[in-house]
Structures are given as structure tokens and as C-alpha cells.
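K.L.:
Any chance you could fold what I've pasted below:
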Amino acid sequence: MQECELTILENRPVARQVFQMTLKGAGPCRPGQFVNLLLDGLYLRRPISVFDAEGDLLRIIYKTVGRGTEQMSRLQPGAVLNALTGLGNGYDLTPAGDAPLLLGGGVGVPPLYLLARRLQESGKQVKAVLGFNTREEVFGEEDFRALGCEVTVTTADGSYGKKGFVTDALPEEYSYFYTCGPEPMLRAVYRTAKGSGQFSFEERMGCGFGACMGCSCKTVTGAKRICRDGPVLTKEEILWND
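P.N.:
Below is the predicted model of the structure:
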């Protein structure tokens, strides 16, 4: 974990209620990690997954769903944000195999981009299925294609790409899977996807680095903190709270 001051270089809409922010001044970040941003007038920091990182540049993609993200969407280039960076236990690329599959739903798509880039750079043939509710919410497709990934987009209402959910577009062959998205999607992937994989969980976080225990979940080896021990968990260690 590193505390730093990040300067906003860009903050623009990329889909309905979805914004992309580019920041300068960050430290190293691995695929699947997140940042915790301090916003004026708000007590709790806002955890945002990392879309891309290169040198001291950081890109995040976020959806305006509450007071904090609404405030973020109004920030202009030149503004400075205090941030905790390099948070969380990110994706492990070791078991990916030659043809890994990435499954993202909505704002669960962003953390998969840096993962896809790292996998492609290591010679993997990445397949990505990106799921959204409707055409107006679609983002990231061209970014993944530009990396050389084989991309399928699904929309629940059929207004773009394949009608249905990410589990309706699973390819026949893949070596391993990585996924991030809302819990109903993750449960469906858990039931449907073959073989092993890694799940990145979206969870409300208080501190973001494991001190408050507010984001604990049960696993086969006991309680784990999503912010510190996660947000990535393997398929084999997950216990769903039914």
C-alpha cells in the first residue's frame, strides 16, 4: 500500500453513467488491485478498481451510483486526489494456461483489462466476454480488441451483441477463467464455467486495507477480508452465503 497525491489528467464519460479517469503520480499496481480515493467532505474513501497502469499513470473506470462517484464525475483536469494505491490481493497469472477466459459484468469489466494486457504480453491467447444490461452501458470492447483479445459482448436486453448474460456466451474451449462482476453473475459463473478460476468480488469497504473487518467473508479456510485477502478468491475456496 502506498499513499500518494494523484493529479487528474482526464475525466470523461465512456458510457451511460460510466466515466474514465486518468491520473498521474501513482506507484506500481498489479492486475486486480484497486485504489482508495479520498473525496472532499466524505468520511470514507471510495474504492475503485484499476483499469490500466503504466509507469506513474493510472486509469480507472467508475459508475456514478452515489454521492461519492457523482462528486468524482464533476472533477476537472488538474484537480488532486489523495489516494491509497496498490491495495488488495490481485489476480494470479500463473495458472492461466495458453487460452485464458475473462468474464466481466458491468463495472466488473475494468479490472480485467490490465489482466488481459499482462496475459497478452506473456503470449497468451485471451478470450473476453463482457456483459452489460443494454447498449448504452457498453464500454471497453475496443480497448480489449486493441490488445488482440477475442471479444464477445452480451446485453441482457439484446440491444447489442449477443442477447443474454456472460454465461450464455461461454466458449467451448479455454484453459482457465478469471471473472469480476456483481454477485449474481459470479454465482452463475461458479455454477456454469468449467474448470478452475479466480473471482474478484465487489464489496463495500470501510478502510480498504483490512483494519476494520467490515468486508469479511467466509471461505473454506475461515474468514477473509475482501479488501486485503481479496478481492480475488479462487473458485475452490469460495463459500457462498445462502
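K.L.:
hey, which strand is longest across the chain?
P.N.:
Counting by DSSP state E, the longest strand found in the chain is strand 2-15.
K.L.:
tell me the mean pLDDT for the helix or strand just after it?
P.N.:
Using DSSP states H and E, the helix or strand that directly follows strand 2-15 along the chain is strand 18-24. Mean per-residue pLDDT for strand 18-24: 98.
K.L.:
Convert strand 18-24 to CSV, retaining C-alpha atoms only.
P.N.:
C-alpha atoms of strand 18-24 as CSV (Å, rounded to 0.1, in the frame of the first residue of the first chain):
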residue,chain,number,x,y,z
VAL,A,18,-19.8,5.5,-16.6
PHE,A,19,-16.6,7.6,-16.6
GLN,A,20,-12.9,7.1,-17.3
MET,A,21,-10.3,9.0,-15.2
THR,A,22,-6.6,9.2,-16.0
LEU,A,23,-4.4,10.1,-13.0
LYS,A,24,-0.6,10.8,-12.7
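K.L.:
Partner strands of that strand, with direction?
P.N.:
Strand pairing for strand 18-24, determined by DSSP bridges: strand 2-15 (antiparallel), strand 57-63 (antiparallel).
K.L.:
Now mean neighbour count and mean pLDDT too, for those strands, in TSV please.
P.N.:
Backbone N, C-alpha and C define where each C-beta goes, glycine included. TSV is the format used below for these (neighbours: other C-beta atoms under 10 Å; pLDDT from 0 to 100):
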stretch	mean neighbour count	mean pLDDT
strand 2-15	15	96
strand 57-63	21	97
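K.L.:
Looking at those strands, which is nearest to residue 134?
P.N.:
Counting by C-beta to C-beta, residue 134 lies closest to strand 2-15 out of the strands paired with strand 18-24; the figure is 10.0 Å.
K.L.:
Quick one: residues in contact with that closest one.
P.N.:
Under the criterion C-beta atoms under 8 Å, 6 or more residues apart in numbering, residues 19-27, 57-58, 61, 72-73, 75-86, 136-140 lie in contact with strand 2-15.
K.L.:
on that earlier part again, would you format the strands paired with strand 18-24 as TSV with distance to residue 197 included?
P.N.:
Shown next, in TSV, are these (distance: least, C-beta to C-beta, whole Å):
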stretch	distance to residue 197
strand 2-15	26
strand 57-63	22
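K.L.:
Quick check, central residue of this protein?
P.N.:
Geometric centre of the chain, nearest residue: residue 111, 2.8 Å, by C-alpha atoms, centre = their mean.
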